[in-house]
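In: Okay, predicted coordinates and the sequence, questions at the end:
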Amino acid sequence: MNIEKKLKTSVSSAIHSIYSHKIKSDDIQIQSTSNEYEGYYTILLFFLSKIFSENPAKIGEKIGNHLIENEDFIESFNVEKGFLNIDINKISWLKLFFNIYSEKDWGFKMNIGKELMVEFSSPNTNKPLHLGHLRNIFLGDSISRILKAVGYKVHRVQIINDRGIHICKSMVAWIKFGKGDSPEKSGIKGDHFVGKYYVLYQEELNKEINQKIKKGVTKEEAEKNAQIFNEAKNLLIKWENRDPETIKLWKKMNKWVYEGFDKTYETLGVDFDKIYYESETYLYGKKEVEKGLKKKIFFQKNDNSIWVDLNKYGLDNKLLVRSDGTSVYITQDIGTAILRFRDFPKIEKQIYTVGNEQEYHFKVLFKILEIQGFDWAKECYHLSYGMIDLPSGKMKSREGTVVDADKLLEEMVHISEKRTKELGKIKDFNKNEQKLLFDKIALSAIKYFLLKIDPKKPMLFDPNESIDFQGNTGPFIQYTYARIISILERAKNKGIKEDFNTNLNVKSINEFEKKIVYLLSIFPDKILVAASDFSPSTIANYIYDLSKAYNRFYQEISIFKEEDNETILFRISLSKSVSKIISSAMKLLGINMTSKM
RNA sequence: GGUCCCGUAGCUCAACUGGAUAGAGCAACUGCCUUCUAAGCAGUAGGUUACAGGUUCGACUCCUGUCGGGAUCACCA
């Protein structure tokens, strides 16, 4: 069934009978043939050349001839330098395809009884989501799906940073300027509503600082003693002391934010299995730090602050609890990690989807967990991804260059509507179907745009250039898919019933079809690579290759003009398989397909 | 300054983890709709893979150095 495996054994035994030398079939290196050459499977000959001290091309000839004579699945071969290129025969292609065609979920593994946890999104609760969050969310969502596809049970979680000075800043501004306003009254989405007050706080603070500087106070002094800043700090202290009024307001404002986030998540089509809140885990983290202090893993300075010395691991001293007894960011991270392994004892790995700016932080965190004696610490993995830059540089909220997620999505829907109408493609769509179509196209454009790039790499986004709809894009894939569905519908209307099997007397199989079958056959490998590299871009690039190959076939070959019925049936079955794989591969990116556009 | 990441066509990205003449899309130019959806297909042009060495039969990929860009090293998150 597996051609590569079969080829390896065949080559291995060919070598054995030619050279009387045993080479394990696993040691045979095989790769797909480069486009310029005939064939689909390529055997590397260099290492054999070393062993037998013979010209690789000669070795290739010998093996090739031996294969032709002794193996019934080989069609032809050619040797180019150190490469033996092989094509398999028609029956083998058909068998290979039938194998894929008859598989319900080609490429997907059943549950293997192992569990993982993926953390992603995890925003602060003081402002709405932006483009950077989108990369994070799509990446985490996609990775979760990919890991599930290779057989893991995946727990999708986030940690919400719901506590701390940032939310107090929004609270202060709302108390001072809000006059009891709310998202309901103002008609503003909750997260944007709260974000507005966060911005207001910043403006007020700047005003105050500038006034003080004019009066001759230094900038540092002014920042430290700004009245509004002190009010925020007071609020934080009140919060930590569980002041009922403060807690009430805090809950109210966070609720607004969550309602806003939920709307966005719904639009994006992502969800979570469990949400952790920092306000619920930070005390637990503190307890664990105190435990560590007793065990003398950590040390306390004279001012009562608690530290860990990581110098012998090539890291620095790290503060764990402030001198005033309040916790810092990493304190709650320690607590959260421990809680998670307690909540889900079966998870083998915990994956943190967080930007690469926090690489040092996670190195420190994992090291701390390790010296605390948790053996799962080495199973914590920071899925680090690159930042999104604008042509002008970093996104900066102070300079108002942050690309707002909701706004971007809206714009994309607009563009997709405009595009679709220009092309006049929606004659028989009703209003509701139109809306669904625009949303799907827009979402596929933006998800694909962010996921097709290797997560590790920083990427550039130009807000002035809208995301493309042509070439290597989500809409292109959607389009290819819609074309296939249209063919399948037509076949149905013509009463062509599907009963493809290997006994089909297909006259011949052409290069376009072979290419497609080949690509379909490697889908399982691509999922495995994507899973082990934590890289949805592998899947995206694969879908693009497959779509291109199909469009080529579509262009060159007319399905319904063909006279041979069995060939028509083969081509329809092939089309059906391509549509299935495109759809399930896109699903791995969190993208839903439209059958018409 | 220490540590880490990045540098590939004008622009945005690939390159099966060391393999063939480094590939796509956008932008430019040329063809293809009376034929299954032209959001498509084919073609032309565009490269000393930042630079200099080294390892190897073979390097965008590994090693060393240089240059350029970014991140990080907080009683911020």
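Out: On my side now, so go ahead. Residues are numbered from 1 along each chain as shown, chains lettered A, B, ... in the order given.

In: what about stretch A:71-84, how long is it end to end?
Out: 15 Å (C-alpha to C-alpha, to the nearest Å).

In: For that stretch, give the mean pLDDT please.
Out: For stretch A:71-84, the mean pLDDT works out to 93.

In: in it, what's buried?
Out: Residues of stretch A:71-84 classed as buried by neighbour count (16 or more other C-beta atoms under 10 Å): A:71, A:73-75, A:77-80, A:82-84. Every residue, glycine included, has its C-beta placed from N, CA and C.

In: Near RNA strand B, list only the ones from the residues you listed.
Out: A:80, A:82-83 (C-beta under 7 Å from any atom of the strand).

In: any chance of those residues in TSV, with secondary structure and distance to residue A:481 too?
Out: Formatted as TSV, those follow (DSSP: H, G, I helix; E, B strand; the rest coil; distance: C-beta to C-beta, whole Å):
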residue	secondary structure	distance to residue A:481
A:80	strand	36
A:82	coil	39
A:83	strand	35
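
In: So residue A:368 versus residue A:44, what's the distance?
Out: 46 Å (C-beta to C-beta, to the nearest Å).

In: same deal with residue A:424?
Out: 51 Å.

In: now residue A:311
Out: 47 Å.

In: ok, the two, which is more surrounded?
Out: residue A:44 (16 against 8; other C-beta atoms under 10 Å).

In: who touches the more buried one in this structure?
Out: A:29-31, A:82-83 (C-beta atoms under 8 Å, 6 or more residues apart in numbering).

In: On the C-terminal side of the host helix or strand of residue A:98, identify the next helix or strand.
Out: Counting by DSSP states H and E, the element that carries residue A:98 is helix A:90-102. Per DSSP H and E, helix A:90-102 leads on to strand A:114-119 as the next helix or strand towards the C-terminus.

In: and that following strand, which strands flank it?
Out: strand A:152-160 (parallel), strand A:347-355 (parallel) (DSSP bridges).

In: what's the neighbour count on the residue lying closest to residue A:439 once chain neighbours are set aside?
Out: Excluding the flanking residues, the one nearest residue A:439 by C-beta to C-beta, 6 or more residues apart in numbering is residue A:413, at 6.0 Å. Residue A:413: 20 surrounding residues under other C-beta under 10 Å.

In: can you check the one 3 residues further on too?
Out: Other residues near residue A:416 number 26, with proximity taken as other C-beta under 10 Å.

In: do residue A:265 as well
Out: For residue A:265, using other C-beta under 10 Å, the count is 17.

In: Surely it is in a strand?
Out: No. Per DSSP: H, G, I helix; E, B strand; the rest coil, residue A:265 lies outside any strand segment and is helix.

In: dump the residue contacts of it.
Out: So residue A:265 contacts A:121, A:137, A:271 (C-beta under 8 Å, 6+ apart).

In: and the two most separated of the buried residues of stretch A:71-84?
Out: The largest separation in these, counting by C-beta to C-beta, is between A:73 and A:82 at 23.4 Å.

In: Residue of chain A nearest RNA strand B, please.
Out: Closest residue of chain A to RNA strand B, C-beta to the nearest atom of the strand: residue A:471 (2.1 Å).

In: what residue lies at the spatial centre of chain A?
Out: Taking C-alpha atoms, centre = their mean, the centroid of chain A lies closest to residue A:139, which sits 2.5 Å from it.

In: That one belongs to a helix?
Out: Yes. Counting by three-state DSSP, one finds residue A:139 located in a helix.

In: Residue numbers of the stretch 151-300 of chain A in contact with RNA strand B?
Out: Near RNA strand B, when you scan the stretch 151-300 of chain A using C-beta under 7 Å from any atom of the strand, you find A:161, A:164-166, A:278.

In: one more time with 10 Å, if that's ok
Out: A:159, A:161-167, A:236, A:278, A:282 (C-beta under 10 Å from any atom of the strand).

In: With secondary structure and distance to residue A:186 as new columns, can those residues be given to me in TSV?
Out: Below are those laid out as TSV (three-state DSSP; distance: C-beta to C-beta, whole Å):
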residue	secondary structure	distance to residue A:186
A:159	strand	29
A:161	strand	25
A:162	coil	22
A:163	coil	25
A:164	coil	25
A:165	helix	25
A:166	helix	21
A:167	helix	19
A:236	helix	26
A:278	helix	28
A:282	helix	32
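
In: Please pick the buried ones from these.
Out: Buried among these (16+ other C-beta under 10 Å): A:159, A:161-164, A:166-167, A:236, A:278, A:282.

In: Could you work out the most separated pair of those residues?
Out: For these, the farthest-apart pair by C-beta to C-beta is A:159 and A:236; their separation is 19.2 Å.

In: mind listing what residue A:577 touches?
Out: Here residue A:577 is in contact with A:97, A:100-101, A:106, A:520 (C-beta under 8 Å, 6+ apart).

In: top of those residues by neighbour count?
Out: Of all the contacts of residue A:577, residue A:97 has the most neighbours under the rule other C-beta under 10 Å, reaching 25 neighbours.

In: Look up phi and psi at residue A:372.
Out: phi -80, psi -10 (degrees, to the nearest 10).

In: Now for the residue lying closest to residue A:521 once chain neighbours are set aside: which residues touch it?
Out: Leaving aside its sequence neighbours, residue A:521 sits nearest to residue A:96 (C-beta to C-beta, 6+ apart; 5.8 Å). Counting by C-beta under 8 Å, 6+ apart, residue A:96 touches A:1, A:3, A:88, A:517, A:521.

In: From the contacts of residue A:265, keep the buried residues only.
Out: Burial by neighbour count, 16+ other C-beta under 10 Å: within the contacts of residue A:265 this picks out A:121, A:137.
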